[in-house]
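A.B. asks: Output the structure for:
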Amino acid sequence: MTTSLFDPIRLGAIDAPNRILMAPLTRGRSSAGHVPISELKADYYAQRAGAGLIISEATGITQEGLGWPSAPGIWSDEQIEAWKPVTEAVHAKDGRIILQLWHMGRIVHSDFLNGAQPVSSSATTAPGQAHTYEGKKDYVEARALRLDEIPRLIGEYVKAAENALRAGFDGVQIHSANGYLLDQFLRDNANFRDDDYGGSIENRIRLSTEVTQAVADVIGAERTSIRFSPNGDSQGCNDSDPVALFTAAAAAMEKIGVAFVELREPGEDGTFGSTNVPPVSPHIRKVFSGPLVLNSDYTRERADAALASGVADAISFGRPFISNPDLVERLRDNAELTPDNFRTWYSPGPEGYTNYPARQTEDA
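C.D. replies: Predicted coordinates for the structure are as follows:
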């Protein structure tokens with residue numbers, strides 16, 4: 001029997017009622033102190049509780065790692081308390097939600113750090129410009145994270161995971177994708193270290209592996225997942241051999257026994273990535289036996305094909321969830337999707353956030 005998007009799936013400790021996951025989506029709507037605006041976020045996520053699992057927006061583990069205006073954090077008691085009404089609202093709708101743990105590395109502008117340098121795998125500068133409270137500014141050069149700082153960093157991930165469970169989340173996802181800190185360690189065009197965390201693939205996957213193992217040791221592997229992005233250049237991060245790199249990383253996750261691995265990657269024809277890179281997921285499927293979740297501009301048809309082929313166990317949808325809070329039912333009925341408005345992705349308030357209506361059906 002062919003697997004359907006609407007079949008249930010077990011993701012570690014989580015029994016998901018369907019295989020349509022809500023991908024992590026940065027939306028702002030937090031205070032300047034990175035405290036979630038509880039009522040607004042509670043409405044937003046509760047509206048989308050029909051997803052098999054919600055993966056929250058990327059959430060900073062420390063101020064050092066958070067350089068996005070009005071993005072939320074999870075390092076303080078105030079932030080934990082502000083997240084509690086959000087998780088309670090999702091659970092009240094019989095939903096499931098995990099928190100994505102984020103350290104942006106060199107993508108953090110020094111404006112967020114009182115003028116200090118951001119940290120990265122090596123002393124490099126990200127291309128392009130950072131979003132700051134004063135508008136866009138050129139990125140500044142990061143300093144290489146020192147060896148004696150790595151235990152502190154790993155501890156911050158662990159503490160953030162513990163805080164997430166205190167806030168009522170059902171688990172966490174470690175953000176090791178999209179050109180952020182852990183991805184900066186993974187890729188050979190951003191990592192020029194000559195110690196145990198640089199050079200060989202074994203060394204470059206070490207930090208992601210150690211972070212994931214440490215988190216799993218404390219909250220359980222069944223509540224720990226990770227996201228990778230083998231999709232070519234991502235905010236200046238790229239690798240000369242993505243198949244070898246990401247299959248090694250996935251094999252390490254197999255040993256840890258994580259709840260699932262999510263991949264943001266291009267489609268079969270090389271589209272949906274920033275460069276013409278073929279999908280790595282078929283190779284990862286050979287070394288990772290747990291649930292594999294694929295992401296990047298999936299349609300219902302592409303999602304069905306990915307499940308039917310056996311390469312994916314579930315699909316995470318991003319932008320369609322912005323403007324279609326009832327996306328699961330729309331996909332089930334092959335109904336038209338409401339387009340989203342880019343201008344309100346990160347704007348404050350409910351416009352373009354909680355005011356997208358559910359579809360009106362004839363028997364509603």
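
A.B. asks: Just to check, residue 144 is in contact with residue 122?
C.D. replies: Yes - if you go by C-beta atoms under 8 Å, residue 144 and residue 122 touch, sitting 5.0 Å apart. No exception for glycine: its C-beta is placed from N, CA and C like everyone else's.

A.B. asks: and for these two, which residues touch both?
C.D. replies: Contact criterion C-beta atoms under 8 Å, 6 or more residues apart in numbering; residues shared by residue 144 and residue 122: residue 193.

A.B. asks: what are the ranges of the helices in this protein?
C.D. replies: Here the chain has its helices, by DSSP state H, at 38-47, 77-92, 150-166, 181-186, 201-204, 206-219, 242-256, 281-287, 300-309, 319-323, 327-332.

A.B. asks: mind listing what's buried in the last one?
C.D. replies: Applying a neighbour-count criterion of 16 or more other C-beta atoms under 10 Å, the buried positions in helix 327-332 are 327-328, 330-332.

A.B. asks: Of all the helices of the chain, which one is nearest residue 354?
C.D. replies: Closest approach to residue 354 among the helices of the chain is made by helix 38-47 (4.6 Å; C-beta to C-beta).

A.B. asks: Please state the mean pLDDT value computed over that closest one.
C.D. replies: Helix 38-47 carries an average pLDDT of 98.

A.B. asks: Just the CA trace of that helix, in PDB.
C.D. replies: C-alpha atoms of helix 38-47 as PDB (Å, rounded to 0.1, in the frame of the first residue of the first chain):
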ATOM      1  CA  SER A  38       2.700  35.300  23.700                       C
ATOM      2  CA  GLU A  39      -0.900  36.000  22.600                       C
ATOM      3  CA  LEU A  40       0.100  36.700  19.000                       C
ATOM      4  CA  LYS A  41       2.300  33.600  18.700                       C
ATOM      5  CA  ALA A  42      -0.200  31.400  20.500                       C
ATOM      6  CA  ASP A  43      -2.900  32.300  18.000                       C
ATOM      7  CA  TYR A  44      -0.500  31.800  15.000                       C
ATOM      8  CA  TYR A  45       0.700  28.400  16.000                       C
ATOM      9  CA  ALA A  46      -2.700  27.100  17.300                       C
ATOM     10  CA  GLN A  47      -4.200  28.000  13.900                       C
END
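
A.B. asks: Would you mark the buried spots in that helix?
C.D. replies: Residues of helix 38-47 classed as buried by neighbour count (16+ other C-beta under 10 Å): 38, 40-47.

A.B. asks: in stretch 127-135, what counts as buried?
C.D. replies: Applying 16+ other C-beta under 10 Å to stretch 127-135 flags 130-131 as buried.

A.B. asks: how long is that stretch from one end to the other?
C.D. replies: Using C-alpha to C-alpha, to the nearest Å, one end of stretch 127-135 lies 16 Å from the other.

A.B. asks: what does it rub up against?
C.D. replies: With C-beta under 8 Å, 6+ apart as the test, stretch 127-135 has contacts from 32, 67-69, 107-109, 111-112, 136-139, 235-236, 346.

A.B. asks: So among these, which ones count as buried?
C.D. replies: For the contacts of stretch 127-135, buried by 16+ other C-beta under 10 Å: 67-69, 107-109, 112, 139, 235-236, 346.

A.B. asks: Pipe the residues you listed into CSV and attach pLDDT and distance to residue 88 per row.
C.D. replies: Below are these laid out as CSV (pLDDT from 0 to 100; distance: C-beta to C-beta, whole Å):
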residue, pLDDT, distance to residue 88
67, 97, 29
68, 97, 25
69, 96, 26
107, 98, 31
108, 98, 31
109, 98, 34
112, 97, 30
139, 98, 38
235, 96, 34
236, 96, 39
346, 95, 25
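
A.B. asks: Going by distance to residue 155, which of those wins?
C.D. replies: Here the nearest of these to residue 155, counting by C-beta to C-beta, is residue 108; it sits at 18.8 Å.

A.B. asks: how much space is there between the closest one and residue 295?
C.D. replies: Counting by C-beta to C-beta, to the nearest Å, the separation of residue 108 from residue 295 is 24 Å.

A.B. asks: Repeat that for residue 34.
C.D. replies: On the measure of C-beta to C-beta, residue 34 and residue 295 end up 25 Å apart.

A.B. asks: same deal with residue 235?
C.D. replies: Taking C-beta to C-beta, one finds residue 235 at 17 Å from residue 295.

A.B. asks: same check, this time on residue 96
C.D. replies: 17 Å.

A.B. asks: ditto for residue 129
C.D. replies: Going from residue 129 to residue 295 by C-beta to C-beta gives 25 Å.

A.B. asks: next one: residue 167
C.D. replies: To residue 295, residue 167 is 24 Å away according to C-beta to C-beta.

A.B. asks: Turn the buried residues of helix 327-332 into JSON lines, columns for pLDDT and distance to residue 259.
C.D. replies: Below are those laid out as JSON lines (pLDDT from 0 to 100; distance: C-beta to C-beta, whole Å):
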{"residue": "327", "pLDDT": "98", "distance to residue 259": "22"}
{"residue": "328", "pLDDT": "98", "distance to residue 259": "20"}
{"residue": "330", "pLDDT": "98", "distance to residue 259": "27"}
{"residue": "331", "pLDDT": "98", "distance to residue 259": "23"}
{"residue": "332", "pLDDT": "97", "distance to residue 259": "25"}
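
A.B. asks: Now render those residues as TSV, adding distance to residue 284.
C.D. replies: Converted to TSV, the buried residues of helix 327-332 look like this (distance: C-beta to C-beta, whole Å):
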residue	distance to residue 284
327	26
328	26
330	29
331	25
332	28
